[in-house]
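**Q** I need the structure of the sequence given here:
(one chain, ligands or ions: 1)
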Amino acid sequence: MKRPIEWQIANVKAVKQETPRVKTFTLTLPDWLPHRAGQHYDVRLTAPDGYQAQRSYSIASEPERMGEIDLTVERLEDGEVSSYMHEVLARGDQIEVRGPIGGYFVWESMQGGPLLLVAGGSGVVPLMAMIRHRQRSGSDVPTRLLYSSRTPDDVIYFEELDELRAMDSGLEVIHTFTRRQPPGWKGYARRIDAQMLDEVIAPLGKMPRVFICGPTLLVESAANSLVEISVPTSQIRTERFGPSGA
Ligand SMILES: Cc1cc2nc3c(=O)[nH]c(=O)nc-3n(C[C@H](O)[C@H](O)[C@H](O)COP(=O)(O)OP(=O)(O)OC[C@H]3O[C@@H](n4cnc5c(N)ncnc54)[C@H](O)[C@@H]3O)c2cc1C
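**A** Numbers count the residues shown, from 1 in each chain. As a prediction, this is how the structure comes out:
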């Protein structure tokens, strides 16, 4: 019988500053359940007067890591929950969560590939869970991550992605920087569009499994562009994090 997903109190084991606006929270869970890469947890905050705020955060870590999960959260200036997590939540604190949740935007290595992962900003989080799971499970399915960031300083998991790519010929990471590029940059320097997707998808053929995640506008535009270049909609899965943040 399927178990209902209950709220539980997680302990904050570690907090890591990933970029100026992004932190990763490692949570240990008394009632840990194995997740599938791409799933999320709900976080619930309760004020002393009983007011509650609840938001979803994708699991960044791979399911092979037992007993704990990583949530990677971008701080929004006027964001109720993300600001609290960035400004208040510290190692040793507790926080209420429930999960894992979601069964559509998921990838397990036994499903195979090839994989085209398309990320905008913090939309890279569930895709990172897929990349980490791919590596930990020994999968060698050809995988390309197209990752749009405003500037090089905004790239989350930059070093880890670079290391994984260096040791794995089946993994490619393609950055596009929309606002500021590194000196001498010869790569993409614009928003994701049909031409870019056509170039990035080419080595994978027209039938990879596609996962797109990020701000709503980026996700919709990337999905439409893929359909324009004849990728079947049945191959495309999307996850929208919210407003464009543009
Ligand atoms: C399935 C799912 C998974 C998610 N995973 C992650 C994750 O891994 N990491 C992460 O950082 N976020 C993730 N999000 C987004 C997250 O749930 C919150 O929406 C986000 O943190 C904003 O919440 P807040 O309370 O801080 O801001 P709010 O108080 O809700 O909003 C503050 C302001 O920001 C705008 N806003 C709300 N959400 C966004 C957004 N995503 N982008 C830009 N502007 C926004 C609002 O319109 C408002 O003006 C996910 C969302 C979904 C649905």
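**Q** now the protein, which segments are flagged as low pLDDT?
**A** Residues of the chain meeting the criterion pLDDT under 70: 1-3, 244-246.
**Q** now the strands for it?
**A** Applying DSSP state E to the chain gives strands spanning 8-19, 22-28, 40-46, 52-58, 68-74, 94-101, 115-120, 143-149, 171-177, 209-214, 236-240.
**Q** possible to save those as TSV with distance to the ligand and mean neighbour count?
**A** Where you see a C-beta, it was placed from the backbone N, CA and C, and this is true even at glycine. Formatted as TSV, these follow (distance: least, Cβ to the nearest ligand atom, whole Å; neighbours: other Cβ atoms under 10 Å):
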stretch	distance to the ligand	mean neighbour count
strand 8-19	11	16
strand 22-28	7	21
strand 40-46	5	18
strand 52-58	4	18
strand 68-74	4	23
strand 94-101	8	18
strand 115-120	10	27
strand 143-149	14	24
strand 171-177	18	19
strand 209-214	8	25
strand 236-240	6	18
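**Q** Any chance of a markdown table for these, columns distance to I229?
**A** A markdown table is the format used below for the strands of the chain (distance: least, Cβ to Cβ, whole Å):
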| stretch | distance to I229 |
| --- | --- |
| strand 8-19 | 31 |
| strand 22-28 | 31 |
| strand 40-46 | 29 |
| strand 52-58 | 27 |
| strand 68-74 | 29 |
| strand 94-101 | 32 |
| strand 115-120 | 11 |
| strand 143-149 | 13 |
| strand 171-177 | 16 |
| strand 209-214 | 11 |
| strand 236-240 | 11 |
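**Q** Quick one: closest of the ones you listed to V155.
**A** strand 143-149 (4.9 Å; Cβ to Cβ).
**Q** could you check the angle strand 209-214 makes with that closest one?
**A** When axes from the mean of the first three to the mean of the last three Cα atoms, to 10 degrees is applied, the directions of strand 143-149 and strand 209-214 differ by 20 degrees.
**Q** Can I get strand 143-149 in PDB, CA atoms only?
**A** This file holds the C-alpha atoms of strand 143-149, laid out as PDB (Å, rounded to 0.1, in the frame of the first residue of the first chain):
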ATOM      1  CA  THR A 143      24.000  13.600 -21.700                       C
ATOM      2  CA  ARG A 144      24.100  17.300 -22.600                       C
ATOM      3  CA  LEU A 145      23.300  20.100 -20.100                       C
ATOM      4  CA  LEU A 146      22.400  23.400 -21.700                       C
ATOM      5  CA  TYR A 147      22.600  25.900 -18.700                       C
ATOM      6  CA  SER A 148      21.500  29.500 -19.000                       C
ATOM      7  CA  SER A 149      22.900  31.900 -16.300                       C
END
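**Q** Next, count neighbours for the residue in the chain positioned nearest to the ligand.
**A** Residue nearest to the ligand within the chain: G79 (2.3 Å; Cβ to the nearest ligand atom). Using other Cβ atoms under 10 Å as the criterion, G79 is surrounded by 16 other residues.
**Q** same question, Y51
**A** Counted with other Cβ under 10 Å, Y51 comes out at 8.
**Q** Would you mind stating the distance between it and G67?
**A** 31 Å (Cβ to Cβ, to the nearest Å).
**Q** next one: T176
**A** 36 Å.
**Q** and the residue of the chain most remote from its centre, what does it touch?
**A** Here the chain reaches farthest from its C-alpha mean at D49, the gap being 33.2 Å by Cα atoms, centre = their mean. Listed by Cβ atoms under 8 Å, 6 or more residues apart in numbering, the contact set of D49 is empty.
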